[in-house]
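>>> this one's structure only:
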């Protein structure tokens, strides 16, 4: 065998360097095909394959994948790409290599099976971009595997392959992705439909799961996790391109099967992966970790979307009614997928990813249900408070240690402090839920009892940012719009409910004076734990004083400028020398502005000095003469001024007139 393939490593080296081997494309293709056929025959004729044969197979598969990958390279010369393109046509056309590759999937070796799937996937994605049709051999293999194969290497590899073909189309440059995805799914959709019910029901049944583990050498949990990955890719295809098949609808209409996974006996990483799928579907952010150049999913206007996502929300709320939250387990340490650590290191807390996922899932379900009740004019009222209280009961042992000294409304900051997009999404939804509940029950002082007072949420958010308006500015000019939506929603509510806002400030100030040393214990989150204090009078709010990780603090060494590393500035607005008259001109209704044309091509000026931001943050933390109310109003006033300056100079990315009017209304109420 060494004589027949002695130059394979040399060929691979040439491929790596972007050159052409010393042979014609026909000779190259024939040698690859002959070698793969010989190795396939050898594998089928022996019980075990020697390690050198296995390594040789892996090298051949890698060479084939490298040849296919050359077509997407932008650095290779055109003559090199043409040479390898001719090889691909011969291998998968005249020679018909795909059926030979399928045989490798049957060998009981996870690495070899996965490498085969990668090779097949690379060709299928390439072939779809050229012919705009999926390879029939590959499609038939998926259909057969999904119908007949139980959990194992072959099913895992086919699930992985179908997932990454969908990802390849979504991230590719091909035109009319919707049409391509519809053709692709039509080939194996029926077999996936049956696999959904069979695989998830097997995973949640202890008896069936034990029987499967005895019958298959593969781990059932790995197969289920691969299937969940495929479901997210299908959800991303639907949200981003409106592709809607029965299997894509099934995960919404039968979401209870996914919920059963979370409280079943499957491995912890499967539960975590399933919760992340539910969270991304409900937040319409499926594929956010791997989708390129498309951002978050836009609202789906396709037929059936509203009813499908409402069905998922109803399934979650029904599960919560039946005690699902009390059955969701959260490890007492930060968990990584597939990890087997049994004890937490000092200073670490509970799995914050799980806590954020569960919290946002329930919040989004409540928001969807509330929107449906409002738009459909449902006859019965929807009790938001009951579900939020259930969430607080779930979070209490996970997040708070000094329970009686912790203000209920602080939970949102404690749970979402590491994930800005989730925090803003939750804050916006909770504000809308509060306003809905308030219309049903005007007893606003009770809002703190169920942790849903929007004034407390907003105050605690600004306090956690040290009342630094430049951080708010960074949020507002980012590509995400969630904070802008939240800010507008809350600021519309604030002037009409100014006294409630003042009361919230007073309660927090009283707690700071009375229990200045009281700190919230963060047992569950990966922050250093701190000590608590004695109980406080009924109805008083305690502001959490969090110890922040050193990378998010102001640090200053002797002889050096202080560095505020947690909040890098996107804009150096301090260099603006515009007068106050210009600011007023911006707010004048006669000011000409084009709201339909955001300023996106102008480069933002770099920061000249961060020390000014540090000084403002330090002042906000240490200045005890200013009241909390004044700090909030000053922060919003400074925000309004800098937005005005940027807008006047054409540096703000959209027309902020409505936002500026809301900020001015707050200034007027604050008499500043």
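Okay, I see it. Source: prediction; values computed, not measured.

>>> use CA for all of it now, contacts and neighbours both
OK.

>>> distance of residue 40 from residue 99?
Distance of residue 40 to residue 99, computed by C-alpha to C-alpha, to the nearest Å: 11 Å.

>>> who's more crowded, these two?
Each of residue 40 and residue 99 has its neighbours counted (other C-alpha atoms under 10 Å); residue 40 has more, 17 against 12.

>>> could you list every residue that touches that one?
100, 103, 104 (C-alpha atoms under 8 Å, 6 or more residues apart in numbering).

>>> and the most centrally placed residue in the chain, what are its phi and psi?
Nearest to the geometric centre of the chain sits residue 288, at 5.1 Å (C-alpha atoms, centre = their mean). Here is the backbone geometry of residue 288 (degrees, to the nearest 10): phi -60, psi -20.

>>> Within the helices and strands, which one has residue 358?
Counting by DSSP states H and E, the element that carries residue 358 is helix 352-376.

>>> which helices and strands sit right next to that helix?
helix 268-282, helix 305-321, helix 384-399, helix 411-416, helix 420-440 (3 or more C-alpha pairs under 8 Å, 6 or more residues apart in numbering; DSSP states H and E).

>>> Minimum distance to residue 140: which of the ones you listed has it?
helix 268-282 (27.7 Å; C-alpha to C-alpha).

>>> For that closest one, which outside residues touch it?
Residues contacting helix 268-282 (C-alpha under 8 Å, 6+ apart): 221-222, 224-225, 228, 231-232, 235, 258, 261-263, 286-287, 309, 313, 336-338, 354, 357-358, 360-361, 364-365.

>>> Buried ones among those?
221-222, 224-225, 228, 231-232, 235, 258, 261-263, 286-287, 309, 313, 354, 357-358, 360-361, 364-365 (16 or more other C-alpha atoms under 10 Å).

>>> Low-confidence stretches in the stretch 201-350 of the chain?
Along the stretch 201-350 of the chain, the model assigns pLDDT under 70 to residues 203-218, 293-303, 335-349.

>>> Which parts of it are strands?
Using DSSP state E, counting those that start in this stretch, the stretch 201-350 of the chain contains no strands.

>>> so can I have TSV of the helices and strands packed on helix 352-376 showing distance to residue 202?
Formatted as TSV, the helices and strands packed on helix 352-376 follow (distance: least, C-alpha to C-alpha, whole Å):
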stretch	distance to residue 202
helix 268-282	14
helix 305-321	20
helix 384-399	28
helix 411-416	33
helix 420-440	32
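
>>> Nearest approach to residue 466 belongs to which of these?
Nearest to residue 466, of the helices and strands packed on helix 352-376 and by C-alpha to C-alpha, is helix 411-416 at 13.6 Å.

>>> Check the offset of that closest one from the chain's centre.
Distance of helix 411-416 from its chain centroid, counting by C-alpha atoms, centre = their mean, to the nearest Å, is 17 Å.

>>> For it, list every residue counted as buried.
Under 16+ other C-alpha under 10 Å, the buried positions of helix 411-416 are 411, 412, 413, 414, 415, 416.

>>> Show me what that helix is packed against.
So helix 411-416, by 3+ C-alpha pairs under 8 Å, 6+ apart, packs with helix 352-376, helix 384-399, helix 420-440, helix 454-464.

>>> Turn those helices into JSON lines, columns for mean pLDDT.
Output for those, formatted as JSON lines (pLDDT from 0 to 100):
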{"stretch": "helix 352-376", "mean pLDDT": "93"}
{"stretch": "helix 384-399", "mean pLDDT": "90"}
{"stretch": "helix 420-440", "mean pLDDT": "92"}
{"stretch": "helix 454-464", "mean pLDDT": "92"}
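
>>> Outside of the helix or strand containing residue 158 itself, list whatever touches it.
Following DSSP H and E, one finds residue 158 within helix 153-171. Defining contact as C-alpha under 8 Å, 6+ apart, one finds that helix 153-171 is touched by 105-106, 108-110, 113-114, 117-118, 120-122, 124-125, 142, 145-146, 149, 177, 180-181, 218, 222-223, 226-227, 229-230, 233-234, 237, 291-293.
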